[in-house]
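Novice: take this sequence and fold it.
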Amino acid sequence: MTRPLVRAVFAVLVVATVAAFFTTQQLKGEFPLVIRFATKPAHFSPNGDDYRDTTEVGFDLSEPASVTFMVIDSEGNEVRRIVSERRLAGDAKHRFRWDGRDGDGNLVDDGTYRMRVVRREESRVIDSVKKITIDRRPPQVTLLSAAPSVVATGLPGETPTVRLRYRGPKNRAPVFRVFRTDDGKPHIVRRFRGGPNRAGVWDGQVSNGPQRTAPAPEGDYAFTVAVRDRAGNLTEAPQPVPRPRVARAGTGVSVRRFTLRGPLSAVTAGAFAHLEVGPVDRSFDWVVSRLGDPKAILHGGRVAGRFRIRIPSKTRTGVYLVRVRAGEQRAVWPLAVAGLPPKGAEGRARPLVVLPALTWQGLNRVDDDADGFGDRLPFSPAVRLDRPFADDGVPPRFNGEVSPLLRWLDRERLPYDLTTDLALARREGPALGNAPGVAFAGSELWVPEQLMERLRDYVADGGRVAVFGADSFKRTVDLRGDVARNPSRPRRENAFGEQTELLHTSLAPLTVFEDGLGLFEGLSSFVGEFTVFERSRSLPQGARRITAAGRDAGQPAFLALGLGGGIVLRAGTPQWARELEESALSLELPQVTKRIWRMLSSGGSS
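Specialist: Residues are numbered from 1 along each chain as shown. Just a heads-up that it's a prediction; the model follows:
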């Protein structure tokens with residue numbers, strides 16, 4: 001290239017640069033075409049729930065112009081063209097609805113987007129600084145706590161407030177729902193709104209018709225909280241309908257107006273029994289009477305909390321009911337007392353009666369960990385043993401299995417010592433080896449493995465065991481302090497090696513097939529009427545069938561087996577005690593039970 005040509009090219013470049021400079025300065029001095037961009041809301045969630053599924057986007061023009069308006073992605077690529085070469089008025093707002101879809105109608109990915117205005121006649125492209133965020137991910141929400149975990153409702157002067165807290169996005173008015181969980185499937189009983197501080201307060205009320213509320217009845221309650229993030233995504237925690245497997249400890253509430261708890265081991269006559277009334281501080285009266293006898297042997301009054309009762313030293317062995325009352329509220333606790341034998345029975349051998357305290361608490365539906373769901377075996381991994389009984393203090397199966405047998409023994413003045421399976425497992429009170437025989441007064445559904453081993457040794461050494469229950473000694477549980485943990489699944493064989501199964505039938509008697517112990521001697525061959533039988537499927541190895549009765553000679557329910565040097569007798573039905581009490585005009589069942597008692601009294605370990 002020649003020198004004159006170089007000079008000419010350079011001159012052209014200088015002129016073009018100067019012209020561009022002046023043009024730029026002129027454009028800078030012009031009033032902007034787009035005064036502002038707008039989006040409302042800036043975050044939305046096109047997920048089809050009809051809440052923030054779209055957003056309003058647009059711009060304000062300073063003058064009339066033909067423009068194209070579009071949504072672009074983070075790299076500047078066109079995602080959705082909303083206006084194409086349309087002349088729009090100036091000094092005006094222009095707003096459009098965007099549903100989060102691209103030009104082909106497909107939902108775009110979650111992410112950040114911007115807006116663009118193009119004026120082709122001037123080759124002007126204006127991109128917004130303002131961003132649009134699409135977010136379809138539900139927020140992380142955790143219900144943290146409900147406190148206090150036990151409240152009383154409907155009592156004079158009591159206005160319970162349960163404060164609920166959650167972790168998650170702040171909402172101006174999060175929605176809390178209250179579910180009752182102890183009377184069937186969890187169902188909603190109340191809905192209320194919380195405040196902007198990630199909290200809410202339940203007043204202990206449940207819905208009772210349109211615009212009406214009433215104090216929550218006694219029971220267990222779980223909560224959920226519904227929270228939206230700024231894009232409108234909704235999360236209800238722990239889930240829309242709470243379940244035990246996802247419930248968090250400390251997020252539920254139990255409504256209890258009056259409770260009583262006491263010892264699960266036998267209290268020695270002359271010693272103190274320690275009890276506690278709850279959940280609120282109230283004055284109450286208490287009275288102690290023997291099971292089946294309304295006459296009070298002790299009475300008094302206290303003001304709330306813990307109290308103790310001194311059992312008179314001359315009290316007879318048996319179960320006594322401690323009843324407490326505060327106004328219209330009542331509760332009861334069955335208190336086992338190890339005392340004197342009945343009059344006229346001094347010096348006579350006394351079988352050891354064992355109360356199924358572990359089964360009572362295993363079946364006792366009380367919320368231990370405050371997750372809103374009652375804890376009971378085998379549905380919970382652990383249950384506490386120091387808790388009050390639901391249903392005003394009557395243990396599960398007490399009225400059907402235990403109470404009738406003990407009342408009958410007292411009426412017949414048959415002597416016995418008394419303990420519980422929990423005391424036996426802890427080696428408290430009377431020992432197995434000192435008893436001529438042992439009678440389990442109800443179904444023993446959960447027993448520590450170590451106690452099962454001691455029972456087998458007791459029988460092998462000549463001891464005699466009678467079980468007035470069903471489905472017993474098939475499940476184990478670990479004892480750790482006041483907690484029963486790790487309930488096992490039912491085994492095919494019970495602790496003594498026999499396979500049994502429960503059979504529900506129409507009303508039928510026990511038919512006697514053989515009677516090596518003479519328990520049915522001189523009686524009708526048909527005894528009692530039952531609808532539940534525990535029939536034997538397979539005998540333990542080396543066992544000797546001594547007495548058998550039932551519906552099927554090959555699978556008897558009532559069964560006495562010789563094992564080693566001892567005897568194991570199963571009544572064969574959980575309804576034995578109930579039938580014993582109801583068959584006052586029939587001699588068969590009471591006579592058989594007396595003979596069982598005689599067998600237990602004459603046994604013993606060698």
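
Novice: tell me the secondary structure at Glu453.
Specialist: Following DSSP: H, G, I helix; E, B strand; the rest coil, Glu453 is assigned to helix.

Novice: can you give me the neighbour number for it?
Specialist: Glu453: 11 surrounding residues under other C-beta atoms under 10 Å. Quick note: C-beta positions are derived from backbone N, CA and C, even for glycine.

Novice: who are the neighbours in contact with it?
Specialist: For Glu453, the contact set (C-beta atoms under 8 Å, 6 or more residues apart in numbering) is empty.

Novice: what's the pLDDT at it?
Specialist: pLDDT recorded at Glu453 is 97.

Novice: and the gap between it and Leu352?
Specialist: Distance from Glu453 to Leu352, counting by C-beta to C-beta, to the nearest Å: 18 Å.

Novice: go on, Pro312?
Specialist: 22 Å.

Novice: in stretch 257-274, what counts as buried?
Specialist: In terms of neighbour count (16 or more other C-beta atoms under 10 Å), stretch 257-274 has its buried residues at 257-267, 269, 273.

Novice: report the distance from that stretch to the chain centre.
Specialist: 27 Å (C-alpha atoms, centre = their mean, to the nearest Å).

Novice: if you average pLDDT over it, what comes out?
Specialist: Across stretch 257-274, the average pLDDT comes to 95.

Novice: do the same with stretch 69-88
Specialist: 96.

Novice: CA atoms only: put that stretch into CSV for me.
Specialist: Output of stretch 69-88 as CSV, limited to C-alpha atoms (Å, rounded to 0.1, in the frame of the first residue of the first chain):
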residue,chain,number,x,y,z
PHE,A,69,-40.8,-7.3,23.6
MET,A,70,-39.4,-10.6,24.8
VAL,A,71,-38.1,-12.6,27.7
ILE,A,72,-34.5,-13.7,27.5
ASP,A,73,-32.4,-16.2,29.5
SER,A,74,-29.3,-15.5,31.4
GLU,A,75,-27.2,-15.8,28.2
GLY,A,76,-29.3,-13.3,26.3
ASN,A,77,-31.2,-15.9,24.2
GLU,A,78,-34.8,-15.2,23.4
VAL,A,79,-37.1,-17.5,25.4
ARG,A,80,-40.5,-16.0,24.7
ARG,A,81,-41.6,-13.2,22.3
ILE,A,82,-44.5,-11.4,23.8
VAL,A,83,-44.9,-8.4,21.4
SER,A,84,-43.6,-8.4,17.9
GLU,A,85,-43.2,-5.1,16.0
ARG,A,86,-46.2,-3.5,17.5
ARG,A,87,-46.6,0.3,17.7
LEU,A,88,-47.4,1.2,21.3
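
Novice: endpoints of stretch 148-161, how far apart?
Specialist: The first residue of stretch 148-161 is 8 Å away from its last residue (C-alpha to C-alpha, to the nearest Å).

Novice: all helices of the protein, in order?
Specialist: Secondary structure of the chain (DSSP state H): helices at 3-29, 357-363, 403-411, 421-426, 449-460, 576-582, 588-602.

Novice: mean pLDDT for those: which is lowest?
Specialist: helix 3-29 (a mean of 45).

Novice: contacts for stretch 489-500?
Specialist: Here stretch 489-500 makes contact (C-beta under 8 Å, 6+ apart) with 378, 447, 452, 455-456, 459, 471-475, 534-541, 543, 559, 561, 563, 568, 570.

Novice: OK, contacts around Asp102?
Specialist: With contacts defined as C-beta under 8 Å, 6+ apart, Asp102 is in contact with Val79, Arg80, Val108.

Novice: now it: how far from Asp183?
Specialist: Computed as C-beta to C-beta, the Asp102 to Asp183 distance reads 51 Å.

Novice: then Val353?
Specialist: Between Val353 and Asp183 the computed distance is 34 Å (C-beta to C-beta).
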